[in-house]
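A.B. asks: sequence-free structure coming up:
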């Protein structure tokens, strides 16, 4: 494969997680959702 090709593959692979965030619903999130009520502990 070679070092040059491995660097290009690594550079391309590092961009993939960014694409997941770019096309997800996180971008349209304007406010933080309210947390769910925590269950009461028995102890």
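C.D. replies: Yep, it's here. For clarity, every value in this text was computed on a predicted model and none was experimentally measured.
A.B. asks: could you pull out the helices for this structure?
C.D. replies: 3-22 (DSSP state H).
A.B. asks: contacting residues around the residue nearest the centre of it?
C.D. replies: By CA atoms, centre = their mean, the chain has its centre lying nearest to residue 21, at 5.5 Å. Taking CB atoms under 8 Å, 6 or more residues apart in numbering as the criterion, residue 21 is in contact with residue 27. All C-beta spots, glycine's among them, are computed from the backbone N, C-alpha and C.
A.B. asks: could you measure it against residue 32, distance?
C.D. replies: 17 Å (CB to CB, to the nearest Å).
A.B. asks: Check residue 9 too.
C.D. replies: Distance from residue 9 to residue 32, by CB to CB: 37 Å.
A.B. asks: Which one of those two is surrounded by more residues?
C.D. replies: The residue with more neighbours, out of residue 9 and residue 32, is residue 9; 11 against 6, by other CB atoms under 10 Å.
A.B. asks: Next, count neighbours for residue 12.
C.D. replies: 9.
A.B. asks: and what of the one 10 residues further on?
C.D. replies: Around residue 22 sit 10 other residues, with neighbours defined as other CB under 10 Å.
A.B. asks: going forward can the numbers begin at 47, since that is how I track them
C.D. replies: Taking 47 as the first residue, the last one we looked at is residue 68.
A.B. asks: ok, now which ones touch it?
C.D. replies: Contacts of residue 68 by CB under 8 Å, 6+ apart: none found.
A.B. asks: Could you list the low-confidence segments of this structure?
C.D. replies: 85, 87-89 (pLDDT under 70).
A.B. asks: let's go with 80 and repeat that
C.D. replies: Counting by pLDDT under 80, the chain contains low-confidence residues at 47, 72-75, 79, 81, 83-89.
A.B. asks: now stretch 70-84, how far from the chain's geometric center?
C.D. replies: 15 Å (CA atoms, centre = their mean, to the nearest Å).
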